[in-house]
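Colleague: how does the following fold in three dimensions:
(2 chains)
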2 protein chains.
Amino acid sequence: MSREDNRPGEFELIARHFAPIAGRDGLGLTDDAALLRPARGYELVVTADALVAGMHFFPDDPAGSIARKALAVNLSDLAAKGARPDGFVLTLALPKGWTEDWLAAFAAGLAAVAGEAACPLIGGDTVATTGPLTLSITAFGSVPAGRMVLRSGAKPGDLVLVTGTIGDGALGLRAHGPARPEWVARLSEADRAFLADRYLHPQPRLAFAQALQLHASAAMDVSDGLVGDLGKLLAASRVGAEIDLDAVPLSPAARNAVMADPALAELAWTGGDDYEILCTASEMEFPSLVAAAQAAGLGLACIGRVTAEAGTVRYSEAGKPRSFARGSFVHF
Amino acid sequence: MSREDNRPGEFELIARHFAPIAGRDGLGLTDDAALLRPARGYELVVTADALVAGMHFFPDDPAGSIARKALAVNLSDLAAKGARPDGFVLTLALPKGWTEDWLAAFAAGLAAVAGEAACPLIGGDTVATTGPLTLSITAFGSVPAGRMVLRSGAKPGDLVLVTGTIGDGALGLRAHGPARPEWVARLSEADRAFLADRYLHPQPRLAFAQALQLHASAAMDVSDGLVGDLGKLLAASRVGAEIDLDAVPLSPAARNAVMADPALAELAWTGGDDYEILCTASEMEFPSLVAAAQAAGLGLACIGRVTAEAGTVRYSEAGKPRSFARGSFVHF
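Modeller: Numbering: from 1, shown residues only, chains lettered A, B, ... in the order given. Here you go, the predicted structure:
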């Protein structure tokens, strides 16, 4: 149940690769625990995501990309809750045959995202596994007390809004993965690369977090597909919605993919890995959100309206009702 | 990379088995994130441990025992830092073939420890894995600002102290595991069961946490073996120590095992899974720690003294110097 070999031990590895990503409160990762000190009047928002090779990423994805995505998906949750990142904890189960080069590239990817987001590594654990690489990140952010943006605040009459573009992640997974469907060959190399990058390297919408905190009635990030995640937000808020699918923002690359194969529109709406922000806001707050999105260099599309009909989401496409057999993909 | 089948989805599973363990601030585990609100003047202590089936526990250990241990080892870290538990986050990678009965038993074990420690589940993530069951827990506790007990505070002249008894976990692993060494057969059934229970169900020394905060100069929990962990504490404090191995407290069962095979003494001192507290304190503070340990129903043994000789630990057994080829087992 325990082993020793000639590779550097956990202690040495941490010092070499992870300590440079650690903040002051990580105690240089040399103690058993880290400290978090929320500023006076602030609360801590806590979120966690686990990722498993072969389930959430391809085992031979670049180590740096795996690390970037693992941290970015947690930062995306913090952004959706209106929080400013404070730090994160990483537990890493390394499969047999890992190399120090792999770990160095992984640490470099982690450092890049942690640095951009000012979100230091404050602690963690590294273990061996006989199975696939498995990562778990718990990330911390802060919001003024009482200001965390919940899923449950949507009110009838609110607008349903989404940042950026939807579907790139799900299309990018297919464009990047080993089993490339026929439509991928019909995309330009630039479109293919764009979609794969959107899948591999989600961009947490941290620059939009404060605007959400001030102006949104409810929010969450889109990780399991727009249709499914919208269903969760509406359920938490005990409301319904009318959604115009033609208003769902698609990137030029996604539009080209849908032209190549019209069935891909459904994949865009229901597939996962978007890591955009889905939120609701009153009409009065909408202009402030638009301005904040513009300032952050982000699109913000209105795709529909919240209704009082709890549990019912009416989708329309080209003016006709549209329904979905299943809400979303689940990583489970 | 994503799948759906006829078993209940993550959402339903969480509602059914995990929501009852969730605290108020876990938002019933229905949002993307949880909130932590440290009391004014307090800081949050954060610790994380990952456990992999086949590495840290046997895959066919009872589900409830796996859960109890996973949470207890994190609470043990909080106790060693002088913190009072506030909550925890669990990420769970479930292998193929998991059953809902298994999950129910797992949740019941988790609920038992969470309830005893007043440490609610506040969030997490559940995913599928093609590999072994993998768990990661991040636990949170609070201490008055500036009062977290570090590894690095030991001073020359301080006493080296340890709670409870040492070696039961490492012996219990052998007594419990499938490859039972010869000496196990020479133990009474009661001794065997005691040691196995100490391995399977560590008891976090939470009742001793406040005393550590008030009276210890340095502390950590003993998870990777007394000899190795003491080395880490002394290194962090830039001091050395003289240790009397005869003073290391052994349980009656461990003493019987060492009588059956004298080589087991080294296993007791260097093996892991003790989850006792190793701490240092000045002579002046020692009586307060003894009184607190007594009040908590815990033994507290003085096993040596801190010296100014940084990097040097002098062990003696029956009055003679003793050295160790390797410091401790590592789960890596």
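Colleague: pLDDT weak spots in the stretch 51-200 of chain A?
Modeller: Low-confidence regions of the stretch 51-200 of chain A, defined here as pLDDT under 70, do not occur.
Colleague: show me where it has helices.
Modeller: For the stretch 51-200 of chain A, applying DSSP state H, counting those that start in this stretch gives helices covering A:63-80, A:100-116, A:168-176, A:182-185, A:189-200.
Colleague: of the ones you listed, which is nearest residue B:117?
Modeller: helix A:63-80 (25.6 Å; Cβ to Cβ). Bear in mind the C-beta positions are built from the backbone N, C-alpha and C, glycine included.
Colleague: can you tell which of the helices of the stretch 51-200 of chain A is closest to residue A:275?
Modeller: Across the helices of the stretch 51-200 of chain A, residue A:275 has its closest neighbour in helix A:63-80 (4.4 Å, Cβ to Cβ).
Colleague: how far does the closest one sit from the chain's center?
Modeller: In terms of Cα atoms, centre = their mean, to the nearest Å, the centre of helix A:63-80 is set 6 Å apart from its chain centre.
Colleague: in it, what's buried?
Modeller: Residues A:63-80 are the ones in helix A:63-80 that count as buried (16 or more other Cβ atoms under 10 Å in any protein chain shown).
Colleague: ok, and of those, which contact chain B?
Modeller: Filtering the buried residues of helix A:63-80 for proximity to chain B by Cβ under 8 Å from any Cβ of the partner chain leaves A:77, A:78, A:80.
Colleague: beta partners of the closest residue to residue A:142 other than its chain neighbours?
Modeller: With sequence-adjacent residues excluded and distances taken as Cβ to Cβ, 6 or more residues apart in numbering or on different chains, residue A:142 is closest to residue A:42, at 4.3 Å. Beta-bridge partners for residue A:42, by DSSP bridges, are residue A:144.
Colleague: who are the contact partners of residue A:42?
Modeller: Residue A:42 sits next to A:142, A:143, A:144, A:145 when contact means Cβ atoms under 8 Å, 6 or more residues apart in numbering or on different chains.
Colleague: so who does the closest residue to chain B within chain A touch?
Modeller: Nearest residue of chain A to chain B: residue A:131, at 1.4 Å (Cβ to the nearest Cβ). Contact analysis of residue A:131 by Cβ under 8 Å, 6+ apart lists A:93, A:95, B:52, B:95, B:129, B:130, B:131, B:132, B:134.
Colleague: distance check, it against residue B:272.
Modeller: Shown here: residue A:131 relative to residue B:272, a distance of 22 Å by Cβ to Cβ, to the nearest Å.
Colleague: please apply the same query to residue A:132.
Modeller: Separation of residue A:132 from residue B:272 (Cβ to Cβ) stands at 25 Å.
Colleague: and these two? Which one has more around it.
Modeller: residue B:272 (24 against 21; other Cβ atoms under 10 Å in any protein chain shown).
Colleague: where does that one land in three-state SS?
Modeller: For residue B:272, the secondary structure call by DSSP: H, G, I helix; E, B strand; the rest coil comes out as coil.
Colleague: so residue A:198 touches residue A:166, yeah?
Modeller: No. If you go by Cβ atoms under 8 Å, residue A:198 and residue A:166 don't touch, sitting 10.5 Å apart.
Colleague: neighbours of residue A:141, how many?
Modeller: For residue A:141, the count of nearby residues is 30 (other Cβ under 10 Å).
Colleague: ok, the residue lying closest to it once chain neighbours are set aside - contacts?
Modeller: Once flanking residues are discounted, residue A:141 sits nearest to residue A:83: 3.0 Å by Cβ to Cβ, 6+ apart. The contact partners of residue A:83, by Cβ under 8 Å, 6+ apart, come to A:45, A:141, A:142, A:143, A:148, A:209, A:213, B:33.
Colleague: out of the residues you listed, which are buried?
Modeller: A:45, A:141, A:142, A:143, A:148, A:209, A:213, B:33.
Colleague: give me every residue that touches the nearest residue to the last one once chain neighbours are set aside.
Modeller: Translated: residue B:33. Distances taken as Cβ to Cβ, 6+ apart put residue A:47 closest to residue B:33, at 4.1 Å, once the chain neighbours are dropped. With contact taken as Cβ under 8 Å, 6+ apart, residue A:47 is in contact with A:74, A:77, A:78, A:81, A:138, A:139, A:141, B:32, B:33, B:34, B:123.
Colleague: bridging residues for residue A:47?
Modeller: residue A:139.
Colleague: spell out which parts of the stretch 151-300 of chain A neighbour chain B.
Modeller: By Cβ under 8 Å from any Cβ, the part of the stretch 151-300 of chain A that sits against chain B consists of A:151, A:152, A:173, A:177, A:220, A:221, A:232, A:236, A:272.
Colleague: and if we set it to 10 Å?
Modeller: Near chain B, the residues belonging to the stretch 151-300 of chain A are A:151-152, A:170, A:173-174, A:177, A:199, A:218-221, A:223-225, A:228-229, A:232-233, A:235-236, A:271-273 when assessed by Cβ under 10 Å from any Cβ of the partner chain.
Colleague: from these, list just the buried residues.
Modeller: Among these, those that count as buried by neighbour count (16+ other Cβ under 10 Å) are A:151-152, A:170, A:173-174, A:199, A:218-221, A:223-225, A:228-229, A:232-233, A:235-236, A:271-273.
Colleague: coming back round to it: is it possible to export the contacts of residue A:131 to CSV including distance to residue A:116?
Modeller: Output for the contacts of residue A:131, formatted as CSV (distance: Cβ to Cβ, whole Å):
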residue, distance to residue A:116
A:93, 26
A:95, 28
B:52, 31
B:95, 35
B:129, 29
B:130, 32
B:131, 31
B:132, 34
B:134, 28
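Colleague: quickly name whichever of those is closest to residue B:87.
Modeller: Proximity of the contacts of residue A:131 to residue B:87 (Cβ to Cβ) peaks at residue B:134, which lies at 21.1 Å.
Colleague: isn't the closest one up against residue A:125?
Modeller: No. Residue B:134 is beyond contact range of residue A:125, at 11.4 Å (criterion: Cβ atoms under 10 Å).
Colleague: on that earlier part again, which neighbours do residue A:198 and residue A:166 share?
Modeller: Common neighbours of residue A:198 and residue A:166, counting by Cβ atoms under 10 Å, 6 or more residues apart in numbering or on different chains, are A:251, A:254, A:274.
Colleague: highest neighbour count among those residues?
Modeller: residue A:274 (29 neighbours).
Colleague: isn't it up against residue A:173?
Modeller: No. Residue A:274 is beyond contact range of residue A:173, at 11.1 Å (criterion: Cβ under 10 Å).
Colleague: name the nearest residue to residue A:147, ignoring sequence neighbours.
Modeller: Per Cβ to Cβ, 6+ apart, closest to residue A:147 is residue A:213, 5.1 Å.
Colleague: what about the one you found, which helix or strand?
Modeller: Secondary structure from DSSP states H and E places residue A:213 in helix A:209-215.
Colleague: what does that helix rub up against?
Modeller: Here helix A:209-215 makes contact (Cβ under 10 Å, 6+ apart) with A:75, A:78-85, A:141, A:143-144, A:147-149, A:161, A:163, A:205, A:218-219, A:277, A:279, A:281-282, A:284-293, A:295-296, A:298, A:300.
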